[in-house]
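Chemist: build the 3D model from these lines:
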Amino acid sequence: MGQKVIIIGGVAGGATAAARLRRIDEEAEIVVFERGEHVSFANCGLPYYVGNVIKEREDLLLSSPELFRRRYNIDVRVATEVTAIDRSRKRVEVRKRGSDDVYTEPYDQLLLSPGAEPIRPPLSGIDEERFFTVRNVPDTDRIKAFVDERRPRSAVVVGGGFIGLEMAENLVHRGVSVAIVEMLDQVMPAMDIEMAAFIHDHLREKGVDLRLGDGVDRFDREDGRILARTKSGQTIPCDMVVLSVGIRPESGLARDADLDVAKDGRIRVDETLRTSDPAIFAVGDAVEVRNFINGLPAATPLAGPANKQARIAADNIAGRRSVFRGTLGTAVVKVFDLAAASTGCSEKWLAQNGFPCLVSYTHSGSHAGYYPGAESIAVKLVFSPGSGKVLGAQMIGRDGVDKRIDVIATAIRGHMTVFDLEELELAYAPPYGSARDPVNIAGNAAANLLKGDVANAHWHQLNDPELEGAVLLDLRTKKELELEGKIEGARHIPIDELRGKLSELDRDTLYIPYCAVGYRGYVGHRMLVQHGFKSRNLSGGYETYRVAPTLFQPQE
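Modeler: Sure, this is the predicted structure:
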């Protein structure tokens, strides 16, 4: 018999590590303790079961203790909680749920995969049956049973992150009127606000009552209904509440065992996923890892990184040398008809941490425009000044967003630049893409900036003192202005008439040309500067400006 390995926690981290360890070490004795009822389930699919998109509950259950025993010879003990770690004696204290009996189990090496728990804000009255959080299958069973049996008319979702948005969508699918209350001024806080604004528009189009910049202060009751009182003094009556205000790493075991834990509660690990105790590893939502781009501490509570960490930790437990090189936080979320995706660093995160960056905005078709069904993809590319190294990207669209964000994530992993994005040879056929893919176009726009072929103005800069006196030039057609709207005070000259009207322009004035999405604005900029005019192109055009927060737009 080989070494004895105890794994605390299942799902993406613990269950994956257990299976990987068995595949490379047939002799190890492996025991998995899982506090919940299921060792491996599709936690990312839980909201879709509530919405009846996933019809069968069994489809959420990915594995079972019996399968682990038969296929992998792994001892999985569900409904069993590890209550303490005795590092000096290398053993854990264990208690079967619902029992007072406590026993100990020795280990040679230990893997922590405790995950993270939903934060329950300190508000009175949230412990009754109509208040819900989403972490596991029993949580989801409660929500689905409530919706199935009680037929609520309305719900308040507190928080606009992944789970909040997914739950809002799936409750709407069930005929429930939904209000989202988010304390920040945007949903999806990892994204920059002007990109999240596309989601705001879409949520409202779908009938969601979106309350931004306003937190819940308390919950009252009246005539059998819940009254959500917000900090701004608003009252939202509802029949149920989903709390989705964030998660907290479950690092109590690690802290009690005197392992190194960061201030935010995450377990500190090295590149091999080893904790401050050489016999103990940790993976998943509860650990502090490193940002792949700059090496700063990072937390990425996502299934993909947890799965990869689990494999790496298992390799090291088995005596192989394997390292986790950091996280990009690549993610995508479905919000009704939109996909919202991001990878790498956002502009605001880089600014907050003192890293310089440049950005560009583009709007490109998901496939060839002449083939039916093409949809626009809004792309924000974040890159380094000078070198053009790709630092991050955010994308919003109805089709093709997932594969483009994956290309950018791969480019960042390969330390590629925007000049490389220009040259990437990506698959093209009219139903699937264009000869110049949205990734290529994003690379073109960024490279043009670095080459000096364009100077940009961004949506939030139009009130800056340095642009005082600048004249906005709207290069769209008259019909576009009528259909899409306009920026007040802009001078209208269609792009195809601009060359003939240059004599009417003032060479001492700074012009900011723009069109719907940016390309004609760039063409107009090139025309202007080559004829001796001062110009800065409005990056992303009217479409980016249109959705951007009105706080930063010029006053009409």
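Chemist: in what helix or strand does the closest residue to D420 other than its chain neighbours lie?
Modeler: Among residues not flanking D420 along the chain, A411 sits closest, at 6.5 Å (C-beta to C-beta, 6 or more residues apart in numbering). Placement of C-beta: from N, CA and C, glycine included. Counting by DSSP states H and E, the element that carries A411 is helix 401-413.
Chemist: first-to-last residue distance for stretch 180-191?
Modeler: End-to-end distance of stretch 180-191 (C-alpha to C-alpha, to the nearest Å): 18 Å.
Chemist: quick one on the thing from earlier: the residue nearest to D420 contacts V390, doesn't it?
Modeler: Yes: counting by C-beta atoms under 8 Å, A411 touches V390, with 5.2 Å between them.
Chemist: give me the more crowded residue out of the two.
Modeler: Using other C-beta atoms under 10 Å, the more surrounded residue of A411 and V390 is V390, with 30 against 22.
Chemist: Three-state assignment for the more buried one, please.
Modeler: Put simply, V390 is strand when judged by DSSP: H, G, I helix; E, B strand; the rest coil.
Chemist: that one pairs with what?
Modeler: Applying DSSP bridges to V390 yields these beta-bridge partners: F383.
Chemist: give me the distance between it and P297.
Modeler: 22 Å (C-beta to C-beta, to the nearest Å).
Chemist: same question for P465.
Modeler: From P465 over to P297 the distance is 37 Å, taken as C-beta to C-beta.
Chemist: so these two - more neighbours on which side?
Modeler: Set P465 next to P297 and count neighbours by other C-beta under 10 Å: P297 wins out with 13 against 6.
Chemist: name the nearest residue to that one, sequence neighbours excluded.
Modeler: P297 sits nearest to E288 (C-beta to C-beta, 6+ apart), 5.2 Å away.
Chemist: the helices in the stretch 401-550 of the chain, which residues?
Modeler: With DSSP state H, counting those that start in this stretch as the criterion, the stretch 401-550 of the chain has helices at 401-413, 418-423, 438-451, 478-484, 495-498, 519-530, 541-547.
Chemist: no no, the stretch 151-300 of the chain
Modeler: Going by DSSP H, counting those that start in this stretch, the stretch 151-300 of the chain shows helices at 162-173, 193-205, 252-256.
Chemist: out of those helices, which is the most enclosed?
Modeler: Across the helices of the stretch 151-300 of the chain, averaging neighbours per residue (mean count of other C-beta atoms under 10 Å) puts helix 162-173 on top, at a mean of 24.
Chemist: could you check the angle helix 193-205 makes with that helix?
Modeler: 20 degrees (axes from the mean of the first three to the mean of the last three C-alpha atoms, to 10 degrees).
Chemist: ok, now which ones touch F146?
Modeler: The contact partners of F146, by C-beta atoms under 8 Å, 6 or more residues apart in numbering, come to 129-130, 132, 152, 240.
Chemist: actually, I408.
Modeler: With C-beta under 8 Å, 6+ apart, I408 has these contacts: 343-344, 381, 390, 392-393, 421, 439.
Chemist: let's see that with 10 Å instead.
Modeler: Taking C-beta atoms under 10 Å, 6 or more residues apart in numbering as the criterion, I408 is in contact with 328, 330, 341-344, 379, 381-382, 390, 392-395, 416, 421, 438-439, 442-443.
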